[in-house]
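Q: return a 3D structure for these sequence lines:
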Amino acid sequence: MDELTEMWQEALTSEFLGEPQVKIDQFLLTFGLALGNQSEVFKQAYVAYLKHENSHSYEPMIGAPLVFNFDLEREKVTLQRFEDQAELSFPQFQRYMGLIDLIFSEIYPVGSVVELDSNKLSAEVKAYFKRSESGPLVTIHARRVPSDDRQNYIDYIGTVWPFGMLPDVEPILLNNLLIKRVVSAGLTNDEEKKYVLQVLKKEILLDGCLSTMYAERKRGEVNES
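A: Here you go, the predicted structure:
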């Protein structure tokens, strides 16, 4: 068993998900592991939730679909694969997805240049790129930065590439859902990889923090950090 899978199995508990109590069975563990190993599938499912869709499914070439049914009236999410299923409240689903993101999502090195998904950007964020001829490119300067109340973290803080810090432009707060692709990866080595695992994953997990995208709040737009 790899280290991230072990972290997932230890961290997903009834206490973590909160009330009403949910039994943590092999289905919930396996379903989350499948999402954690397929980042695009994970993103598409959470975007469907944020957009108030009634359902979402992913059908692989081999195997059973991953099905998400969103009951808007009862504020419940049903996860289903084969004949197995589990029901979570909306806040529980957000914590479930937030934990998957915390443990399994790739954390890009400082100095990476990433392209943002224009379809998911607010008008305010799009305005940051009005001077750029290269599109919505961002240089990453900081990762998993604690929020003001230290209850959550901001995935990334960046600036418009190629300009960097500008006197009239605020740094851009990013969540993972906004990143379309990596254009140029920053420097990484064994020291950086160790820091990502020990500090940006394990220590944050011990602190009980999740990304602001999964905070217990009413569902909003994808561009909320």
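
Q: burial check on residue 89, number of neighbours?
A: Neighbour count of residue 89, defined by other CB atoms under 10 Å: 17. All C-beta spots, glycine's among them, are computed from the backbone N, C-alpha and C.

Q: need the contact list for it.
A: By CB atoms under 8 Å, 6 or more residues apart in numbering, residue 89 lies in contact with 20, 75-77.

Q: list only buried entries from these.
A: Buried subset of the contacts of residue 89 (neighbour count, 16 or more other CB atoms under 10 Å): residue 77.

Q: next, format the contacts of residue 89 as TSV and append secondary structure, pLDDT and distance to residue 84.
A: Shown next, in TSV, are the contacts of residue 89 (DSSP: H, G, I helix; E, B strand; the rest coil; pLDDT from 0 to 100; distance: CB to CB, whole Å):
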residue	secondary structure	pLDDT	distance to residue 84
20	coil	91	19
75	coil	94	22
76	strand	97	17
77	strand	97	15
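
Q: show me which of the contacts of residue 89 is closest to residue 27.
A: Nearest to residue 27 among those: residue 77, at 13.8 Å, using CB to CB.

Q: my guess is the closest one meets residue 70, correct?
A: Yes: in this structure, residue 77 is within contact of residue 70 by CB atoms under 8 Å, at 5.6 Å.

Q: show the end-to-end separation of stretch 65-76, please.
A: End-to-end distance of stretch 65-76 (CA to CA, to the nearest Å): 20 Å.

Q: can you pull the buried residues of it?
A: 66-68, 70.

Q: chain center to it, what's the gap?
A: Centroid separation for stretch 65-76 versus its chain: 19 Å, with CA atoms, centre = their mean, to the nearest Å.
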